[in-house]
Structure formats: C-alpha cells, structure tokens
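Whatever this is, show me its structure:
(chains A and B)
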Amino acid sequence: LAKTTQPISMDSYEGQEVNITCSHNNIATNDYITWYQQFPSQGPRFIIQGYKTKVTNEVASLFIPADRKSSTLSLPRVSLSDTAVYYCLVGDPPMDTGRRALTFGSGTRLQVQP
Amino acid sequence: DAGVTQSPTHLIKTRGQQVTLRCSPKSGHDTVSWYQQALGQGPQFIFQYYEEEERQRGNFPDRFSGHQFPNYSSELNVNALLLGDSALYLCASSLDGGSSYEQYFGPGTRLTVT
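Next up is the predicted model:
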C-alpha cells in the first residue's frame, strides 16, 4: 500500500501563502495526485489534482517533483475561511489480485488567524 | 443539480447487528466509492463500484460489502457490527476517469455502534 506523511497542523495569518507538503512512497505510477479540503461535519471537497510539475486553478497550485514522491499544495493569500483539514489522496500500486486501493493522507489541520 | 446524497444521516446500532447505508451519486456520475472516517482520522478507502461491479477494494474485511444499482446509486452493508465500526461513512461519486481521483463527497452517515 502507498504510505503518506503530512504535517499534523500548521498555523498562518490572513493574507499569507501556505504550503502543505505530502510525502508519498510507493504510489501508482500513472495516477493523479489529488488534494481535498474538509470542514467539520462535512465530506471532503476537491481542490486540485496533478500528475507532474505544476498545476494551478482558481484556488490553489500544486507542485509535484519529477520523482513524484511528494506533492506540495500552495494556497495563496489565505483567509479565515481556509481554516480546515487538508488531505492528499494517492492511488496504490496494483496488488497481486489486480485490485487497487486509494490512500488518503492523515491530514493537515490549517488554522488561519486574523 | 443535486450533489451526492446519503441516508440516513445518523444511525445507532448494537454490536452484532447489520446495517445498510445508501448513496445517490451526483447527476451524471457513474462511479461510487465508499470511505470510513474515524474521529480525527483521514478517510479510509473501503471500495469502489463501477458498472455495478466492485472495481477496487481497500483493506477491509468481507463483513463490508456493497452494491451498485443500474441508476448508479449504491449501498454499503456491514454485517456483525463491532464497536470499532463506529465512524463517519462517506460516499463519493465521480466520472470514470481512469487515473483521475476528482470525487464529489456526500455529507456522510454517522454510525454509532453500542
């Protein structure tokens, strides 16, 4: 199975850029790396996904090095409403049975202060 | 356009009982995945259904089974409930995109086993 590591928590102030890194070993070679945001009592919400290098959308950027052993979610100019838990999601390599699973990271709790 | 819906919202069961949770995917989505999220933990992948077949499965015992109907809705069944099965059960829907993991999550069903 894939193994992921994320910082447990991070603190920031409004208007700052926040970078959250997920280390992931033994992931499926052809799958995207995906990031989600979760607020209390809600299901996770898709933020961004990428395969290699850099991807940017209207809310975040995602940096993935060539070896794909980590990925960094970048949130520009965070606001109080960005206080949430952030998860990376990766695909596991195929098992002997041909079945595959997905692995969420343990999550990073981001606290944004005014 | 309705998003992913799950029922029931909350459920209390006794050890040894059986439970069925239900999920309706976002309109146009054909793939449904189920996750278990214990308090303070990241979601754990249970399995994924596509074209009424279980396509991927995580490290969960056979007590966890599922079904997908022709209208793409899905059920998660858990037999012989254990106290450790108490968790938030999340359903996520997506379009069959091969290596993409862009999923839309429902609000979850909170299962308490006493």
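
Check residue 98 and give its pLDDT.
In the absence of a named chain, this looks at chain A. With respect to pLDDT, A:Gly98 scores 60.

Let me rephrase: I mean chain B.
Looking at B:Gly98, its pLDDT stands at 64.

Can you tell me which residues in chain A are near chain B?
Taking C-beta under 8 Å from any C-beta of the partner chain as the contact definition, chain A meets chain B at A:1, A:28, A:30-32, A:34, A:36, A:41-46, A:49, A:51, A:87, A:89, A:91, A:99-107. Any C-beta I mention is one placed from the backbone N, CA and C, and that applies to glycine too.

how does it look with 6 Å?
Residues of chain A lying close to chain B (C-beta under 6 Å from any C-beta of the partner chain) are A:30-32, A:34, A:43-44, A:46, A:49, A:87, A:89, A:99-102, A:104-107.

In three-state terms, label the residue lying closest to B:Gln68 once chain neighbours are set aside for me.
Nearest non-adjacent residue to B:Gln68, counting by C-beta to C-beta, 6 or more residues apart in numbering or on different chains: B:Tyr49, 3.8 Å away. Secondary structure, DSSP: H, G, I helix; E, B strand; the rest coil: B:Tyr49 is strand.

shaky segments in the chain?
Just going to use chain A. Regions of chain A meeting the criterion pLDDT under 70 cover residues A:95-99.

wrong one, I was asking about chain B
Scanning chain B for pLDDT under 70 picks out the ranges B:1, B:97-99.

ok, now which ones touch the closest residue to chain A within it?
Nearest residue of chain B to chain A (C-beta to the nearest C-beta) works out as B:Phe105 at 3.0 Å. Going by C-beta atoms under 6 Å, 6 or more residues apart in numbering or on different chains, B:Phe105 touches A:43-44, B:90, B:92.

partner residues bridging the residue nearest to B:Gln68?
Taking DSSP bridges as the rule, B:Tyr49 bridges to B:Val32, B:Glu54.

Can you get me a residue count around it?
By other C-beta atoms under 10 Å in any protein chain shown, the residues close to B:Tyr49 number 25.

Repeat that for A:Ser70.
Number of residues near A:Ser70 (other C-beta under 10 Å) recorded here: 17.

ok, and the closest non-adjacent residue to it?
Nearest to A:Ser70 is A:Ser23, by C-beta to C-beta, 6+ apart, at 4.8 Å.

same deal with A:Met10?
Ranked by C-beta to C-beta, 6+ apart and with sequence neighbours excluded, the top spatial neighbour of A:Met10 is A:Leu110, at 5.2 Å.

Keep only those of the contacts of B:Phe105 that are in helices.
Secondary structure defined by DSSP state H assigns none of those to helices.

residues touching residue 49, list them.
Defaulting to chain A. Each residue near A:Gln49 by C-beta under 6 Å, 6+ apart is listed here: A:32, A:34, B:102.

sorry, should have said chain B
B:32, B:68, B:74.

quick one, helices of chain B?
Using DSSP H, chain B contains no helices.

before we move on, back to that, by neighbours, which of the contacts of B:Tyr49 wins?
Most neighbours among those, by other C-beta under 10 Å: B:Val32, with 29 neighbours.

Surely that one touches B:Ser74?
Yes. Between B:Val32 and B:Ser74 there is a contact under C-beta atoms under 6 Å: 4.1 Å.

what residues do these two have in common as contacts?
Common neighbours of B:Val32 and B:Ser74 (C-beta under 6 Å, 6+ apart) are B:23, B:49, B:68.

Tell me which helix or strand A:Thr34 sits in.
Taking DSSP states H and E as the criterion, A:Thr34 maps to strand A:33-38.
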